[in-house]
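K.L.:
structure, please.
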Amino acid sequence: MDPEGNDIFYYADWGDGPNSGWLGPYASNFDLILNHIWSKKGTYTVKAKAKYTLGAESEWATLKVRMPKTYINNPIIQLLMRILDRFPFFEKILN
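P.N.:
Next up is the predicted model:
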């Protein structure tokens, strides 16, 4: 949240090659939820940062995640992820 209420852009690097690119701008108080599917088992470092509309950027925030299994070939998981990507508000309902 920007203390001055400026709109914010967000960027996520998933640690496996793809990234989100700059997303936004979003209102300063908006809760952004992003999804990603890793195609291989392993440990990944997810990095994220924010910048506000006047250009100042945050430092990188990092999180190590471990993907113990590969679900990418499971058709039910693929369908669920497509639905969540298309309708992100369903994730809030499921939570």
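
K.L.:
could you use CA atoms for every contact and neighbour count after this?
P.N.:
Fine.

K.L.:
which stretches in this structure count as helices?
P.N.:
Along the chain, the stretches classed as helices by DSSP state H are 75-86, 89-94.

K.L.:
if you average pLDDT over each of those helices, which is lowest?
P.N.:
Lowest mean pLDDT of these: helix 89-94, a mean of 62.

K.L.:
for the protein, longest strand please?
P.N.:
Longest strand of the chain, by residue count under DSSP state E: strand 42-52.

K.L.:
gap between it and the chain center?
P.N.:
Chain-centre distance of strand 42-52: 8 Å, with Cα atoms, centre = their mean, to the nearest Å.

K.L.:
contacting residues around Lys69?
P.N.:
Lys40, Lys41 (Cα atoms under 8 Å, 6 or more residues apart in numbering).

K.L.:
can you report phi and psi for the residue positioned nearest the centre of the chain?
P.N.:
Closest to where the C-alpha atoms of the chain average out (Cα atoms, centre = their mean) is Leu34, at 3.0 Å. Geometry field for Leu34 lists phi and psi as phi -120, psi 150, criterion degrees, to the nearest 10.
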